[in-house]
Each structure stands twice: as structure tokens, then as C-alpha cells.
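> I would like to see how this sequence folds:
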Amino acid sequence: MSKTARDRSVPVDGTAEWPVTYDTGHGTYHTRCAVMDYEPVSTAVVMAVSSILDVEPDDLESLSARVDPDALNTMVVDWYEAGSRASDGSITFSFADCTVSVYADGEIVIEPDHSGERVPV
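Sure thing, here's the model as predicted:
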């Protein structure tokens, strides 16, 4: 992350378990998944979106309504195991009124639909 991006990233309150930052320049939220940790990327996406939207994870639509969670988890693990050969891998999908992008390096970028609603920070 460049110094400029780091300067405009603000930690989001209430996300100590799932560290999420808000990029004031782009209006996007950022977190990372540790691919080889216990929690899969699908769980990281659900937890980050629920923190951003300030709702309980069970109150969100089912992730499987938008993307196959097992396939997402497998793809990210495959990217991780492929190393630099998969460094450009990414997937973008809609989930809970947000656009979610998951990158091969473990970064998760979430862009809420800002149409008329206050963005929680």
C-alpha cells in the first residue's frame, strides 16, 4: 500500500476482530484475509460487510445467493498456492448492496451502494 493510500485509510470502529479500513479517497473499505488461517475468505467477506453495514451477519442475505462460498474459498487458496503466477487474479461480485472484490493477494475491497445513504465510518 502506498503512503498516499495509507494516509487516507481510516480504521472503522467496531471491527477489531476483522480489521477494516475506509479509503476516504475512493469511498471503499479494505480488509485482508489470511488465506491459510482458520477462517476462509467467504467468512471474512461476510464479517467485513456486516461490520461496514452495522448489521448482524445473520441479517445479511446469504452469500451463496451471489457466489458459491466453497468455490470462492478454493479459488483464493489456489491463487495463494500458485504464488506470483496468480498475482493478477481477482473476482468481483455483488453482495448485500455492496460490490465486493477479492484479490489474489488476499485483499478484499468493499464498495457499498451509496445511493442516498450515509456511509458508516
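
> can you give me the helices for this structure?
3-7, 41-53, 69-82 (DSSP state H).

> Just say which of the ones you listed is most tucked in.
helix 41-53 (a mean of 22; mean count of other Cβ atoms under 10 Å). Glycine gets a C-beta too; all of them are placed from N, C-alpha and C.

> how far does that helix sit from the chain's center?
On the basis of Cα atoms, centre = their mean, to the nearest Å, helix 41-53 sits 6 Å off its chain's mean C-alpha point.

> can you check stretch 47-67 too?
For stretch 47-67, the distance to the chain centre is 11 Å (Cα atoms, centre = their mean).

> Averaged pLDDT, that stretch. What do you get?
In this model, stretch 47-67 carries a mean pLDDT of 95.

> what about it, start to end distance?
Start-to-end span of stretch 47-67 (Cα to Cα, to the nearest Å) is 16 Å.
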